[in-house]
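K.L.:
how would this look folded up:
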Amino acid sequence: MCTDYTPLGKRRGLQGGGVTEPMHAVWAAERRYLASRNMEDWFFTENSGMYPVQDKQVEALKGTHEVKFVVTCPTDLGFPMRRRRTFSFGFNVQRWEWHGPISQEAIQADFDANFGSVCQLAGDLYLVEADAAIHSFIESTAARRGRRLPADYREKSMRDLLPYLLPPGALVRLGQYEKCREDKQSLDGCFMADLDHNVDCGPAPGPELPSLDTHPNIFSFKAGRLALGSELLAAQGVDMFDCNSGRRGLSPLKPVFDQLGESERRFLAGNGIHIPSFAAWLLYALSNVRLRAGSRVPRNLPQKSTAHAADDGDEQPLKKSKVTRPLRRLE
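P.N.:
All right, here's what the predicted structure looks like:
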């Protein structure tokens, strides 16, 4: 439900009556209905940094929910990627109460103090795909555009091959970004731009990876090549490469993404959530909310098995554990 409130949506005059506003109204009505019947405890949302959360959630749902939110960007948390988003957390006021900072300004300041970090890296950090994958991308992209690559294309840089890979407009924009590069690049020359957008009319270029739309053509001037879909997914927090995953290891979603085409991976990366940023908000929100006195955890949540009672110092004889109903998803 972002389209009405993104910078692009604003330029197109979509706010309040665009393609996603009707869905938003249905979503809000469903939240009120479920909370009034104690059928839902929480919800989390992610939206554009320009989303009017005070009007659309805090005020619209105050009869059934209390809504807390922050506006943040991966670069504010130390990640070299721009994607300013509004994260919200709403909870059923009949069952839950907030025990964190009271005012919105205090919540934002507390979140920033706990998770904020200076961004010291550049977006080129994510450009780690193997040469074989890069060559495959060049071949498939040129074929899709009906262009025949030169016989010695493997010996050329991707920048030299851009006329085979991009439409003429993108090549014009490449030259335009080159002119403003010196003022916006990092000290070591890192500069990235989305060649699908004109200068000053789209995601801001710079050392960090620009904010992604659903068809990004991100070009690194220092690396001299386009970012691949797998690398854009990695920038969103999906562990696609051993060199960036550390002790976490590769994501279980990697085999799924590997089976998709390049355009599908780009679409999902552009339409996705920056996982580390959202995880920070999830941790913060759940650390500051608790059940009201007299409220009980829903019966359909998993119960502790008596098979582990001894681990908790319980010396009572073991009993056959009850079969619990499946966990109902809390949105």
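K.L.:
just checking, next helix/strand downstream of the least confident helix or strand in the chain by mean pLDDT?
P.N.:
One helix or strand of the chain scores below all others by mean pLDDT, DSSP states H and E: helix 7-11, with a mean of 57. Downstream of helix 7-11, the first helix or strand assigned by DSSP states H and E is helix 21-36.
K.L.:
Of all the residues in that following helix, which ones are buried?
P.N.:
Of all the residues in helix 21-36, those buried under the rule 16 or more other Cβ atoms under 10 Å are 21, 24, 27, 31, 34-35. All C-beta spots, glycine's among them, are computed from the backbone N, C-alpha and C.
K.L.:
what's the answer for stretch 287-295, then?
P.N.:
Buried positions in stretch 287-295, judged by neighbour count with 16+ other Cβ under 10 Å: 288-289.
K.L.:
now swap in stretch 145-165 and tell me
P.N.:
Buried residues in stretch 145-165, counted by 16+ other Cβ under 10 Å: 149, 153, 158, 161-162, 164-165.
K.L.:
Would you mind measuring from Ala133 to His215?
P.N.:
Distance, Ala133 to His215, by Cβ to Cβ, to the nearest Å: 20 Å.
K.L.:
Give me the more crowded residue out of these two.
P.N.:
Ala133 (15 against 11; other Cβ atoms under 10 Å).
K.L.:
Leaving out sequence neighbours, find the closest residue to that one.
P.N.:
In space, and not counting its chain neighbours, Ala133 is closest to Leu228: 6.5 Å by Cβ to Cβ, 6 or more residues apart in numbering.
K.L.:
Going by residue numbers, what spans are helices in the stretch 151-300 of the chain?
P.N.:
Listed in chain order, the helices of the stretch 151-300 of the chain (DSSP state H, counting those that start in this stretch) span 158-165, 168-184, 229-235, 242-245, 254-258, 262-270, 275-286.
K.L.:
Contacts only, for Ala204.
P.N.:
Ala204 is in contact with 82, 210-211, counting by Cβ atoms under 8 Å, 6 or more residues apart in numbering.
K.L.:
Where does pLDDT dip in this structure?
P.N.:
Along the chain, segments meeting pLDDT under 70 span 1-19, 297-331.
K.L.:
Domain ranges for it, per the record?
P.N.:
Under the assignment automatic domain parsing, the domains of the chain span 3-120+277-291, 125-274.
K.L.:
which residue packs closest to the residue positioned nearest the centre of the chain, ignoring adjacent ones?
P.N.:
Central residue of the chain (Cα atoms, centre = their mean): Ile273, 1.7 Å from the mean position. The shortest distance from Ile273 to any non-neighbouring residue, by Cβ to Cβ, 6+ apart, is to Glu46 (5.1 Å).
K.L.:
Quick check: the one you found is in a strand.
P.N.:
Yes. According to DSSP: H, G, I helix; E, B strand; the rest coil, Glu46 belongs to a strand.
K.L.:
residue contacts, it?
P.N.:
Contacts of Glu46 (Cβ under 8 Å, 6+ apart): 85-87, 273, 278.
K.L.:
Can you go through those and name the buried ones?
P.N.:
With burial judged by 16+ other Cβ under 10 Å, the buried subset of the contacts of Glu46 is 85-87, 278.
K.L.:
now those as a markdown table including secondary structure and distance to Asp258?
P.N.:
Shown next, in a markdown table, are the buried ones among the contacts of Glu46 (DSSP: H, G, I helix; E, B strand; the rest coil; distance: Cβ to Cβ, whole Å):
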| residue | secondary structure | distance to Asp258 |
| --- | --- | --- |
| Arg85 | strand | 27 |
| Thr86 | strand | 32 |
| Phe87 | strand | 29 |
| Phe278 | helix | 23 |
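K.L.:
In these, find the pair that's most separated.
P.N.:
Using Cβ to Cβ, these reach their maximum pairwise distance at Thr86 and Phe278, which is 11.3 Å.
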